[in-house]
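Student: Just need the structure, nothing else, for what follows:
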Amino acid sequence: MRSHRPWLTLALLALGWVTATIPAGRAAAHKVYLVNENHTDYGWNATTDAYDASMLSELDYYLGRIAATVSNPPAAQARFVADNWYYLYLYEKNRTPQQFQSLIDAMQSGHITVPLNPLVTLYGALPTEAAIRAGYYPGRIERGYGVHFVHGEEMENTTIPWGMAGIWARSAAKYSWKGICACVTLAPYQDRSLDLFRWQGPDGSELLTKWYQFSGNNQSWGGYAEARANLSQAGIQATIARDTAPARNLPASGVFGYGWDDVNSQITNFETEVAAWNAAHPGGDQAIVSNIIDYFQEVEQHKGTLPIQRGGWGKPPQIVRFGRDFGRHFE
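Tutor: Presented below is the predicted three-dimensional model:
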């Protein structure tokens, strides 16, 4: 037996070292899913032609980064989430069939994700038919190529109609996320006290929804560029502290969006920050370059414990902000 003791001692030391990376008071490691996504405020900070060129160049760039990081650990491989399907449409119309197929391949491998919404759309300012027709192009691509569009986004505006839960769910979406601007608003979004919930539509269908309580900064939690202020070792740690606090106790953290109001966003920070965090915390809390879907699949395991939210925020088209943005923020 004496000859086995050195092995046993080393095993116990190793176990102690691993568990020591998980803070006291928590039984398990926590995962932080960081999503690289630009905010396409189409025509706002540049011409629409400039935005079109930007969307094309971003896809070119991130397809290159995906190829360059293919040998990285999965958590640190490059991924990109388009915030609208117009990215996909432009790529189909302006690149070769071979290039478009490369994009489809990246979607099928989980390295690029495209949502159901056509642009950063204010759904409350649309008739119901237009909201439904917004899913026609994704439907055609899904039938032609076998890719799936399982999430929808309604960004910036602080409102969202209740009916969108049913429209997206009946369009085969399972997930949605929302991040808002720091705009003055009359909408009662602050009445919501949930960060993660099952958003149930009028017809009983539902979406697993992430909408963090707004921090007051649209470049942080609850904004449309949550990762911009948190894409650092300190930011990842702050996110973990926020989401594992007893008041929240979330099963995983989702920090979505980086581009803020940049017309173009091409960065490698997600790969490098995730690699650095995981190297410094072996066996403990983990950071992941996310395709957004993996986050929802993680928290979906806890779906039965999540609250149900019924209803929408705001009401039909109504101007809610004045000044230089007059006429831009509706519903």
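
Student: List the buried residues in stretch 269-288.
Tutor: 270-271, 273-275, 277-278, 281, 284-288 (16 or more other C-beta atoms under 10 Å). Placement of C-beta: from N, CA and C, glycine included.

Student: can you check stretch 110-125 too?
Tutor: 111-125.

Student: Can you name the residues bridging to the residue nearest to the spatial centre of the chain?
Tutor: In the chain, the residue lying closest to the centroid (C-alpha atoms, centre = their mean) is Phe256, at 4.0 Å. Phe256 has these beta-bridge partners by DSSP bridges: Val35.

Student: if we can go back for a sec, closest one to Ala247 out of the buried residues of stretch 269-288, please.
Tutor: The closest of the buried residues of stretch 269-288 to Ala247 turns out to be Asp285 (C-beta to C-beta; 18.7 Å).

Student: Next up, the contacts around the closest one.
Tutor: Contact analysis of Asp285 by C-beta atoms under 8 Å, 6 or more residues apart in numbering lists Thr21, Ile22, Ala29, His30, Lys31, Val32, Ile240, Trp277.

Student: how about a cut-off of 10 Å?
Tutor: Going by C-beta atoms under 10 Å, 6 or more residues apart in numbering, Asp285 touches 21-23, 26, 28-32, 236-237, 239-240, 244, 253, 277-278.

Student: Show me those that map onto helices.
Tutor: Ile236, Gln237, Thr239, Ile240, Thr244, Trp277, Asn278 (DSSP state H).

Student: which of these tops the neighbour count?
Tutor: Among the ones in helices among the contacts of Asp285, Thr239 has the most neighbours (other C-beta atoms under 10 Å), with 26 neighbours.

Student: Isn't that residue up against Gly222?
Tutor: No - if you go by C-beta atoms under 10 Å, Thr239 and Gly222 don't touch, sitting 12.0 Å apart.

Student: Where does the prediction get shaky in the stretch 51-200 of the chain?
Tutor: Applying pLDDT under 70 to the stretch 51-200 of the chain flags the ranges 184-191.

Student: rerun at 90
Tutor: Along the stretch 51-200 of the chain, the parts satisfying pLDDT under 90 run over 121-127, 156-160, 181-193.

Student: which residues in it form helices?
Tutor: Using DSSP state H, counting those that start in this stretch, the helices found in the stretch 51-200 of the chain span residues 86-94, 97-108, 128-133, 136-145, 163-169.

Student: for the stretch 201-331 of the chain, same thing?
Tutor: Using DSSP H, counting those that start in this stretch, the helices of the stretch 201-331 of the chain run over 233-244, 269-280, 293-300.

Student: will you turn those into TSV that also has mean pLDDT and distance to Met155?
Tutor: What follows is the helices of the stretch 201-331 of the chain, written out as TSV (pLDDT from 0 to 100; distance: least, C-beta to C-beta, whole Å):
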stretch	mean pLDDT	distance to Met155
helix 233-244	98	20
helix 269-280	98	19
helix 293-300	98	17
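
Student: mind listing what the nearest residue to Gly179 once chain neighbours are set aside touches?
Tutor: Leaving aside its chain neighbours, Gly179 sits nearest to Tyr224 (3.6 Å; criterion: C-beta to C-beta, 6 or more residues apart in numbering). Contact analysis of Tyr224 by C-beta under 10 Å, 6+ apart lists 37, 39, 41, 83, 120, 153, 155-157, 177-182, 218, 256-261.

Student: Looking at those, which are in strands?
Tutor: Under the assignment DSSP state E, those contribute Glu153, Trp177, Phe256 to strands.

Student: re the thing from before, possible to save the buried residues of stretch 269-288 as a markdown table with distance to Trp199?
Tutor: Formatted as a markdown table, these follow (distance: C-beta to C-beta, whole Å):
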| residue | distance to Trp199 |
| --- | --- |
| Phe270 | 27 |
| Glu271 | 32 |
| Glu273 | 30 |
| Val274 | 29 |
| Ala275 | 34 |
| Trp277 | 31 |
| Asn278 | 32 |
| His281 | 33 |
| Gly284 | 32 |
| Asp285 | 28 |
| Gln286 | 27 |
| Ala287 | 27 |
| Ile288 | 24 |
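
Student: Going by neighbour count, which residues of stretch 53-68 are buried?
Tutor: Within stretch 53-68, the residues that qualify as buried are Ala53, Ser54, Met55, Leu56, Glu58, Leu59, Asp60, Tyr61, Tyr62, Leu63, Arg65, Ile66, counting by 16+ other C-beta under 10 Å.

Student: Could you report the neighbour count for His148?
Tutor: With other C-beta under 10 Å as criterion, His148 counts 17.

Student: Stretch 122-138: end-to-end distance?
Tutor: 18 Å (C-alpha to C-alpha, to the nearest Å).

Student: Give me the neighbour count for Ser215.
Tutor: Neighbours around Ser215, by other C-beta under 10 Å: 16.

Student: tell me the contacts of it?
Tutor: Neighbouring residues of Ser215 by C-beta under 10 Å, 6+ apart: Ala182, Trp221, Gly222, Gly223, Glu226, Ala229, Asn230, Arg242.

Student: next one: Ala131
Tutor: For Ala131, the contact set (C-beta under 10 Å, 6+ apart) comprises Leu116, Asn117, Thr121, Tyr123, Gly124, Gly152, Pro161, Gly163, Met164, Ile167, Trp168, Ser171.

Student: How about Asp195?
Tutor: 209-213, 221-222, 242-243, 248, 250, 253-254.
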